[in-house]
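Sequence first, then the predicted structure, then my questions.
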Amino acid sequence: MARTTSDRVGVIGAGLGGMAAACCLAARGYKVVLFERNTWLGGKAAVLNEQGFRFDMGPTILTVPSVLRRIFEEADKTLEDELELIRLDPQWRCFFEDGSQLDLSENTDRMCAILRNFAHNEALEEHYRQFMAVSERLHSISDKYFFWKPIGSIWDTFSLKDAFHGSLLRDILSMRIGSTVSGMVRKLLREDRVSQMAEHFTQYVGSSPMQSPAILCGIAHMQTGEGVWYPRGGTRAVAIALSELLGTLGVEVHINTGARRIICSDGRATGIETESGRIIDVAAVVSNADAVRTYRELIRGDTALRFDKRRHYESACSGVVLYLGIDRAYDHLLHHNFIFSRDPMEEFHSIYQQGVPAPDPSCYVCAPAQTEAAVAPKGGDAMYVLVHTPHLRQGHDWRELYPKYRKVVLAKLERTGRMKDIEQRIQFESVLTPTDIHKRYRVLDGAIYGLASHGRLTGAFKPANRSPHLKGLYLAGGAAHPGPGMPMVLMSGWIAADSLDRDGVAPKKGR
Ligand SMILES: Cc1cc2nc3c(=O)[nH]c(=O)nc-3n(C[C@H](O)[C@H](O)[C@H](O)COP(=O)(O)OP(=O)(O)OC[C@H]3O[C@@H](n4cnc5c(N)ncnc54)[C@H](O)[C@@H]3O)c2cc1C
């Protein structure tokens, strides 16, 4: 491939995906310059420090740490030297509307023992084992065909020459193409509350289990297999560790510097124009900005038209986050808790089809003082409550919607989460609405998790990391392959960097 005269690779956006890409490229010998429009590095992995409370503002559940390990290994570093990781098991505590409570354990035998006491239904243990076996199989298929590769469609996934190979056909059959997560879960787990818990894994990708392909049932095994981890210092510690690595590797970092345009010439990306009008020549670009907005706003023209024509992508859900500094921690909570809706059909229909906040939503509650007391003044907790909402649609005005919805959320915590005196315990309160998320992180329609995984055939596919529309453009982040969530965006950064490296589009230092 022809090279431009610049010896630098430009990275737009310092979310976890952008930082992972920049670290991998620098570790492999590239000269990297990174532009971030905000004043901090880490994007959604931000922190809020107020009145002695410390809140992770975005991600709180860290799974599949092997991906993070691989990023550090690129730079000859050991993950455990950079971060103290604490394993959490039980992984979640689930609260249901009928007053029952169920802990999710990473260990299938332990989980079966928990289910024995929970449902008094012998068949359920066997059904759970079957579900986990299917989940493991689907996870291994994802590992084999989807992960660590720059994929954008089914055509990139399976090569024609292997099409009639027995093992490939077996794998394709195991994928249950045409089935949804809900279809699969409810066929295998015939207990409503346990099904509700298992379906909820698709909330990690901001999508409805009724519209997402069955392959996503593999998320359950991804989480139980490698565990749920808490980095001491919060998930913010991951962003800090990566920003330190950027420094060690000599990446040139410009915060408070938005990119206005990716400059293209002769059908390839050759430069970045910043919002202040400065032009930086580059040999290639990795964009960690939202994939759709990268094409439509930073590139525009025929390239954007080609991208839009290829496929219509739908935004994943948005959410409201309440940051509640409370003076007394709740003993009946674990670190991670799900307070489930009365009816998942009603909930997902509202969020994903009607486009309105669910009347009785599921609330995720993080109570980090259970693991690290330093997050709050003595005896208190920096409670974080996340409720998924529709992505922003015309007419959504969260200045109007929020005050009413806050009452719905707090009532749900009081009733189903058994936090009767929550209002009295609140010492500090702040909120992030879909509008805030949209503006703060410059995402599509306020989406938390990039693009929805909806569609039985295409739902698992996101825009490819190596752009098929513009040479020298690579995508990293939640709206690119393999999708959202900390491990996936870190992997997307690695894939973008690896693809760029394989393409040889930029010279390495000293050559
Ligand atoms: C409330 C919430 C809860 C979540 N919970 C979890 C969880 O528990 N576990 C989990 O694994 N994941 C969770 N996620 C998802 C996870 O946080 C994201 O998938 C991931 O952090 C996104 O990383 P990213 O690389 O896509 O970049 P982002 O974090 O989206 O960052 C992109 C960066 O690009 C910058 N940018 C955009 N445009 C430009 C431009 N033109 N010029 C310069 N810079 C630009 C932005 O300012 C931003 O800093 C959660 C997310 C949110 C918001």
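All right, it came through fine.

domain parsing for this structure?
Dividing the chain into domains by automatic domain parsing, as the record does, gives the ranges 8-47+233-313+458-503, 105-229, 315-441.

Show me what from this structure comes close to the ligand.
The chain comes close to the ligand at residues 12-18, 35-38, 43-45, 58-61, 258-259, 288-289, 319, 321, 386, 437, 441-442, 448-449, 477-478, 484-486, 489, as judged by C-beta under 6 Å from any ligand atom. Every C-beta, even on glycine, is put in place using the N, C-alpha and C of the backbone.

ok so, going back, mean neighbour count, the domains of the chain: which tops it?
Highest mean neighbour count of the domains of the chain: domain 8-47+233-313+458-503, a mean of 22 (counted as mean count of other C-beta atoms under 10 Å).

Quick check: end-to-end length of it?
For domain 8-47+233-313+458-503, the first and last residues are 15 Å from each other (C-alpha to C-alpha, to the nearest Å).

how far out from the middle of the chain is it?
With C-alpha atoms, centre = their mean, to the nearest Å as the basis, domain 8-47+233-313+458-503 stands 16 Å off its chain's centre.

The chain should start at 851 in everything you say after this.
In the new numbering, first residue 851, that becomes domain 858-897+1083-1163+1308-1353.

could you measure residue 1198 against the ligand, distance?
Distance, residue 1198 to the ligand, using C-beta to the nearest ligand atom, to the nearest Å: 18 Å.

coming back round to it: return the subset of the residues of the chain next to the ligand lying in strands.
862, 885, 1109, 1169, 1171, 1236 (DSSP state E).

which other residues reach stretch 1069-1078?
In this structure, residues lying in contact with stretch 1069-1078 by C-beta atoms under 8 Å, 6 or more residues apart in numbering are 911-916, 937-939, 941-942, 955-958, 981-982, 985-986, 988-989, 1048, 1051-1052, 1054-1055, 1186, 1337.

In strands, which of the residues you listed fall?
Residues from those lying in strands, with DSSP E as the criterion: 912, 913, 937, 938, 942, 1186.

Just the buried ones among those residues, please.
Under a neighbour-count criterion of 16 or more other C-beta atoms under 10 Å, the subset of the ones in strands among the contacts of stretch 1069-1078 counted as buried comprises 912, 913, 938, 942, 1186.

In contact with the fourth one, which residues are there?
With C-beta under 8 Å, 6+ apart as the criterion, the residues that contact residue 942 are 953, 954, 1047, 1078, 1184, 1186, 1187, 1188.

For the residue in the stretch 1001-1150 of the chain that the ligand sits nearest to, list the residues it contacts.
When you check the stretch 1001-1150 of the chain against the ligand by C-beta to the nearest ligand atom, the closest residue turns out to be residue 1139, at 3.3 Å. Residues touching residue 1139, when contacts are defined by C-beta under 8 Å, 6+ apart, comprise 862, 863, 1109, 1148, 1292, 1327.

Hmm, the first one is touching residue 868, no?
Yep, that's residue 862 we're talking about. Yes: at 7.1 Å, residue 862 counts as touching residue 868 under the criterion of C-beta atoms under 8 Å.

Residue 1233 looks like it's in a helix, true?
No: with DSSP: H, G, I helix; E, B strand; the rest coil as the criterion, residue 1233 is strand rather than part of a helix.

Would you mind measuring from the nearest residue to residue 1235 once chain neighbours are set aside to residue 905?
With C-beta to C-beta, 6 or more residues apart in numbering as the criterion, residue 1235 has its nearest non-adjacent residue at 4.2 Å, and that residue is residue 1172. According to C-beta to C-beta, to the nearest Å, residue 1172 stands 10 Å off from residue 905.

Check what contacts the host helix or strand of residue 1087 and list those residues.
With elements delineated by DSSP states H and E, residue 1087 resides in helix 1086-1098, which encompasses its position. Contacts made with helix 1086-1098 from outside it, assessed by C-beta under 8 Å, 6+ apart, are listed as 864, 866, 869-870, 872-873, 876, 884, 891-893, 895-897, 906, 912, 918, 921-922, 925, 927, 932-933, 1081, 1083, 1103, 1336.

Give me the next element, helix or strand, following that helix.
Using DSSP H and E, the helix or strand that directly follows helix 1086-1098 along the chain is strand 1102-1104.

partner strands of that following strand, parallel or antiparallel?
Using DSSP bridges, strand 1102-1104 pairs in its sheet with strand 881-885 (parallel).

Could you tell me the angle between whichever strand or helix holds residue 1352 and helix 1086-1098?
Secondary structure assigned from DSSP H and E places residue 1352 in helix 1336-1353. Taking axes from the mean of the first three to the mean of the last three C-alpha atoms, to 10 degrees, one finds that helix 1336-1353 is oriented at 20 degrees with respect to helix 1086-1098.

and helix 1336-1353, what does it pack onto?
If contacts are counted by 3 or more C-beta pairs under 8 Å, 6 or more residues apart in numbering; DSSP states H and E, helix 1336-1353 sits against helix 866-877, strand 912-913, helix 915-924, strand 1134-1137, strand 1323-1325.

okay if I get these as a markdown table plus mean pLDDT?
Supplementary listing: the helices and strands packed on helix 1336-1353 in a markdown table, determined by pLDDT from 0 to 100:
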| stretch | mean pLDDT |
| --- | --- |
| helix 866-877 | 98 |
| strand 912-913 | 98 |
| helix 915-924 | 98 |
| strand 1134-1137 | 98 |
| strand 1323-1325 | 98 |
